[in-house]
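Enquirer: would you be able to build a 3D model of this:
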Amino acid sequence: MTMMYRSALRKVSRRARLVWTAAGADTFLASYPKSGRTWFRSILSHYFASVVGEADRAGLHEMFGVVPNYDSDPVRGIPAFRYGGLRSQVPLIVVTHHLYRRTLFLNRPVVFMVRDPRDVLVSAYFHETRHKRRFSGELDAFIAHESLGVPALIRYLNAWGRGLAHHRNAVLSYEDLSADTQRASAEIIAFLGHPLQPTLLGEAVRASRFEAMRQREIEQGIPAHEYDRGDVESLRMRRGKPGGFGDYLTQAQAAKIVSACERQLTPAAKALVARTGLLLN
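Expert: Residues are numbered from 1 along each chain as shown. Just a heads-up that it's a prediction; the model follows:
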């Protein structure tokens with residue numbers, strides 16, 4: 001058996017174990033990067049930790065123990081989930097940016113987060129240039145980049161536009177979450193099949209307000225991320241402003257993004273984007 005073959009076999013085995021573990025999830029929370037996942041994960045983790053009297057265990061470093069990533073990392077992935085014995089009160093919500101594949105998500109329910117593509121791409125640009133430092137070009141080059149820009153976002157939305165039809169699902173837009181955070185969050189808790197405790201949700205929403213989260217990020221950082229927390233544009237909680245793309249994109253750049261979406265998104269994907277308020281032809 002060659003070394004390459006053994007390596008491929010181990011990779012397949014790890015993926016199979018991960019999918020088997022994730023098959024026990026109550027729900028998946030899926031989104032393209034920079035669609036508001038960290039904010040909503042904070043709300044959910046504060047809320048469900050509060051349900052079992054542990055609101056103090058839902059900060060930026062602890063929230064993975066309540067709402068973990070779809071991976072096998074012991075600190076931030078499924079093994080970090082700490083409420084296995086309290087599943088009737090704290091559901092296992094597994095969070096992911098994975099492109100849709102039915103073999104990954106099986107028949108489990110899905111909460112899908114979506115955000116205006118123009119805001120997504122601006123936020124992703126700063127994430128890649130200032131936070132991750134994996135890209136050094138200008139915005140025009142980023143928008144056109146095959147694996148980071150518009151083409152990647154379109155592939156993602158088209159895949160999930162098709163995939164959601166196979167799952168009981170709820171679509172949550174960043175814009176709706178921003179407009180009425182309590183109402184939008186309550187609707188997702190209802191979708192999860194859990195009785196709503198309005199007081200606890202109100203506390204979770206207040207604890208997860210943008211300014212408070214940004215201050216905690218500046219003070220504590222994000223687990224497994226090294227970056228300049230003194231640079232506002234490098235933060236995960238960078239601005240949190242729906243429609244903020246207008247402060248960075250020229251009219252031509254914004255129109256280019258919209259045009260690509262109109263030409264290349266499927267009708268199902270356009271329906272997802274419509275949830276943000278952006279109506280595509």
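Enquirer: please compute how far stretch 202-216 lies from its chain's middle.
Expert: 17 Å (Cα atoms, centre = their mean, to the nearest Å).
Enquirer: how about stretch 257-270?
Expert: 21 Å.
Enquirer: go on, stretch 161-172?
Expert: Chain-centre distance of stretch 161-172: 15 Å, with Cα atoms, centre = their mean.
Enquirer: how long is it from one end to the other?
Expert: Terminal residues of stretch 161-172 are spaced 14 Å apart (Cα to Cα, to the nearest Å).
Enquirer: quick one: mean pLDDT for that stretch?
Expert: Averaging pLDDT along stretch 161-172 yields 98.
Enquirer: only the buried residues of it, if you could.
Expert: Using 16 or more other Cβ atoms under 10 Å as the test for burial, stretch 161-172 gives 161, 163, 164, 167, 169, 170, 171, 172. All C-beta spots, glycine's among them, are computed from the backbone N, C-alpha and C.
Enquirer: excluding chain neighbours, what is closest to residue 104?
Expert: residue 98 (5.7 Å; Cβ to Cβ, 6 or more residues apart in numbering).
Enquirer: now swap in residue 119 and tell me
Expert: Residue nearest to residue 119 in three dimensions, not counting chain neighbours: residue 245, with 4.8 Å by Cβ to Cβ, 6+ apart.
Enquirer: from the contact counts, what lies against the helix or strand containing residue 120?
Expert: Per DSSP states H and E, residue 120 falls inside helix 117-126. Here helix 117-126 touches helix 139-144, helix 150-163, helix 251-264, going by 3 or more Cβ pairs under 8 Å, 6 or more residues apart in numbering; DSSP states H and E.
Enquirer: deepest of those helices, which one?
Expert: Ranked by mean neighbour count, these are led by helix 150-163 with a mean of 20 (mean count of other Cβ atoms under 10 Å).
Enquirer: contact partners of that one?
Expert: 30, 32, 99-102, 105, 112, 114, 117, 120-121, 143-146, 256-257, 260-261, 264-273 (Cβ atoms under 8 Å, 6 or more residues apart in numbering).
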